[in-house]
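Peer 1: sharing a sequence plus its predicted fold:
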There are 2 protein chains.
Amino acid sequence: MTTINEIAKLAGVSRSTVSRVLNHDKNVSDRTRTKVQAVIDEQGYQPNPVARSLTSGRTRVLGLVIPMVVSSLFRDPFFSLLAQGISTVCTLNNYTLMLWLMEPNYEKRTSDNILNNRLIDGIIVASSKIGDPLIEGLITRKVPLVQIGRNDCPDVSSVDADNIHGSVMAVRHLVSIGKNQLATITGQMELYSGRDRLTGFKHGLQENNLPICDERIAFGNFTEESGYTQTKLLLSKTAFDGLYIASDMMAFGAIRAIYEAGLRIPEDIAIVSFDDIPPAERHQPPLTTIRQPIRRMGSIAAQTLIDQLETDDTATPRRIILQTELKIRETTIRSEFSNHYSQMPVRSTP
Amino acid sequence: MTTINEIAKLAGVSRSTVSRVLNHDKNVSDRTRTKVQAVIDEQGYQPNPVARSLTSGRTRVLGLVIPMVVSSLFRDPFFSLLAQGISTVCTLNNYTLMLWLMEPNYEKRTSDNILNNRLIDGIIVASSKIGDPLIEGLITRKVPLVQIGRNDCPDVSSVDADNIHGSVMAVRHLVSIGKNQLATITGQMELYSGRDRLTGFKHGLQENNLPICDERIAFGNFTEESGYTQTKLLLSKTAFDGLYIASDMMAFGAIRAIYEAGLRIPEDIAIVSFDDIPPAERHQPPLTTIRQPIRRMGSIAAQTLIDQLETDDTATPRRIILQTELKIRETTIRSEFSNHYSQMPVRSTP
DNA sequence: CTGAAAGCGCTAACAA
DNA sequence: TTGTTAGCGCTTTCAG
């Protein structure tokens, strides 16, 4: 494996000069620069990142942590989409990505691994629970951090979808098609996304002068199963003609339960769900959703982190909220698959 | 950040001795060992992995490459399950995982990144195309490698499901329920999984003295869309009462097409599909599948790679084929979700 | 603008 | 059994 010394020798300069060329230091004459660069190219030389980071402290490696409980990984493409967005940005910026999937059984262990890992320059943590010790450890150790999903800590950068306003839109839509007995199935209350979607639902009810009834609020956990069981629960104890569901996956379960009860969608019960994951696109019955640009949240999180690292400005946090969008599919099914994620506007709150 | 020197100073020994304790070298007296260990624990000291690997040449980092074309990442949990299996094994063995998602647009670029990356001790490549230049590059550079999905190169370790026998079982099942005009939708022919599933289908036909008709073979690409269009194509040009589909995702598309044509499943056309991904579990209509233990393929690939690295035996390849299983769900739906992946036998060919 | 020299934190001969 | 001595490949003062 070629080293910087060999390049220096071949180019007839010292290894410091090669290093300068490598790091785009301005203190190199054009003549030397081109000469050295020629040798580098000719030899296909790549500096050893390990040695490099021993002195510089930088690795050009980003970490990505995904808690598997939360993402309902088995069936939910949330993770794939997120990883995709992040991975692309990494590739384009010559970063590599280190992945940790946090299984509940090994949570402590994984968490320690991450905290003791000195290989990463910064880290993206997806949908962590409120008060997650990992986050606190990362903050203590001053690891540059971007969270997917908002948090209460104003010092930490985050990227999130506008869960509250999205949920308000869901309610407005249900009201607009003539429903006025609205129920909801929530996500976990340990997650901001879970809480915010419930908050938005309540806001929506208030805005439309509808009562907030506790028995019309069922607490799920974002999985298909919980969507099914919580819908059965709702059906057994209350009457409702509109149902707002905090995730598409739960909506799939809810639909099963509604059909099993012999009811029609949307005539008897209209539903709106949050996420707009790809399987919702062509679903039967057509699914009205609040579209959340997951993949884009990934890209933006990665870009934000890289910006912070490269400007050495890890102090001033950026808190970004991406708009959500109501996607009505009550009557028609879209025939073509459009890459709508790329067209969504960004709203950034400083 | 505490270093080995400070530990040495505090323990009143040289830093070599601390290093020996760290690396479980037997040449340390029990007295010194406990003394040093006490200081290490007290300080919560963790050796710097970067410095460590500069001398040792090892990073305890594994790479994982997933071509996104292939995995139909958007909707298919293949990637999630695989990553899960691999990640768990990494955590348990104190390895970390570096992830590359190969987008078609950036294929060359990502490929170069991977090849020039000196941060990984070994790499797992998932379902690469036949003759993938990345694989050849890795072999040339002697990077320890395990492929998910078999290959023709006898020097490379691989883990694969028994695609051929699985497909034979699919045909046997269709025949056993009285079907004898069998059609198939294949995966990409650039993938061994695509080829092998077609081969198995043909074997099955021969075994049952059924003719192999070219017009009953439609070529898909593992996506839901291709399942839909290829089924329409088959329906338009040939008659058949049984359909073997090379992936669940394509089966979902096929079902759409079959229903749109006003046909019944399984009365008019019975289907069997390959994969048994979680969404197939509770699908309506009940889906008979060939179960492929994706997650386990991941664990085994990771374990194989780690074994090779730790025994320094990167020369003798291991080629592992995991049995597949016929999962009949024509009449009943399973009510509980069982972790069946853990019970599957392994067959290893040396 | 360039080179010499001193490390980054650790491992691994080689002596003692 | 332990300590001393060289590095691993690179970056970064500090002189020149």
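Peer 2: Cool, the structure landed.
Peer 1: could you report the pLDDT at the residue of the stretch 201-350 of chain A found nearest chain B?
Peer 2: Relative to chain B, the nearest point of the stretch 201-350 of chain A is residue A:278 (4.7 Å; CB to the nearest CB). For the C-beta atoms, the positions are set from N, CA and C on the backbone; glycine is no exception. Per-residue confidence (pLDDT) for residue A:278: 77.
Peer 1: what does the one 4 residues further on give?
Peer 2: The model reports residue A:282 with a pLDDT of 72.
Peer 1: count of residues packed around it?
Peer 2: 19 (other CB atoms under 10 Å in any protein chain shown).
Peer 1: cool, and residue A:58?
Peer 2: 12.
Peer 1: can you pull the contacts of it?
Peer 2: Residue A:58 makes contact with A:52, A:121, A:309, according to CB atoms under 8 Å, 6 or more residues apart in numbering or on different chains.
Peer 1: hang on, the first one in a helix?
Peer 2: It refers to residue A:52. Yes: residue state for residue A:52 (DSSP: H, G, I helix; E, B strand; the rest coil) corresponds to a helix.
Peer 1: and the residue lying closest to it once chain neighbours are set aside, helix, strand or coil?
Peer 2: In this structure, residue A:52 finds its nearest non-sequential neighbour in residue A:58, 7.3 Å apart by CB to CB, 6 or more residues apart in numbering or on different chains. Using three-state DSSP, the structure places residue A:58 in coil.
Peer 1: report the beta-bridge partners for the residue positioned nearest the centre of chain A.
Peer 2: Residue closest to the mean C-alpha point of chain A, counted by CA atoms, centre = their mean, is residue A:148 at 4.5 Å. Following DSSP bridges, residue A:148 is listed with bridge partners residue A:126, residue A:159.
Peer 1: so what's the residue count around residue A:105?
Peer 2: 11.
Peer 1: so it belongs to a strand, correct?
Peer 2: No: according to three-state DSSP, residue A:105 belongs to no strand; its state is helix.
Peer 1: pretty sure residue A:308 contacts residue A:144?
Peer 2: Yes: between residue A:308 and residue A:144 a contact is recorded at 5.6 Å, counting by CB atoms under 8 Å.
Peer 1: before we move on, the earlier item: just the contacts of residue A:58 now: which is nearest DNA strand D?
Peer 2: Closest approach between the contacts of residue A:58 and DNA strand D, by CB to the nearest atom of the strand: residue A:52, at 3.8 Å.
Peer 1: quick one on the thing from earlier: if I look at residue A:308 and residue A:144, which residues touch both of them?
Peer 2: Joint contacts of residue A:308 and residue A:144 (CB under 8 Å, 6+ apart) are A:122, A:314.
Peer 1: buried residues, stretch A:3-10. List them.
Peer 2: A:4, A:7, A:8, A:10 (16 or more other CB atoms under 10 Å in any protein chain shown).
Peer 1: can you show me the strands along the stretch 1-150 of chain A?
Peer 2: Remark: strands assigned in the stretch 1-150 of chain A by DSSP state E, counting those that start in this stretch are A:61-67, A:96-102, A:122-126, A:145-148.
Peer 1: closest one to residue B:41 among these?
Peer 2: Of all those, it is strand A:96-102 that lies closest to residue B:41, at 24.6 Å by CB to CB.
Peer 1: so which bits of chain A are right by DNA strand D?
Peer 2: Contacts of chain A with DNA strand D, taken as CB under 7 Å from any atom of the strand, map to A:1, A:3-5, A:15-16, A:19-20, A:22-23, A:47-48, A:51-52, A:54-56.
Peer 1: buried among these? Need that as a selection in ChimeraX.
Peer 2: Those of these that count as buried under 16+ other CB under 10 Å are selected in ChimeraX with:
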select /A:4,19,20,22,47,48,51,52,54
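Peer 1: for chain B, what are the nearby residues on the stretch 151-300 of chain A?
Peer 2: Residues of the stretch 151-300 of chain A lying close to chain B by CB under 8 Å from any CB of the partner chain are A:224, A:225, A:256, A:278, A:279, A:282.
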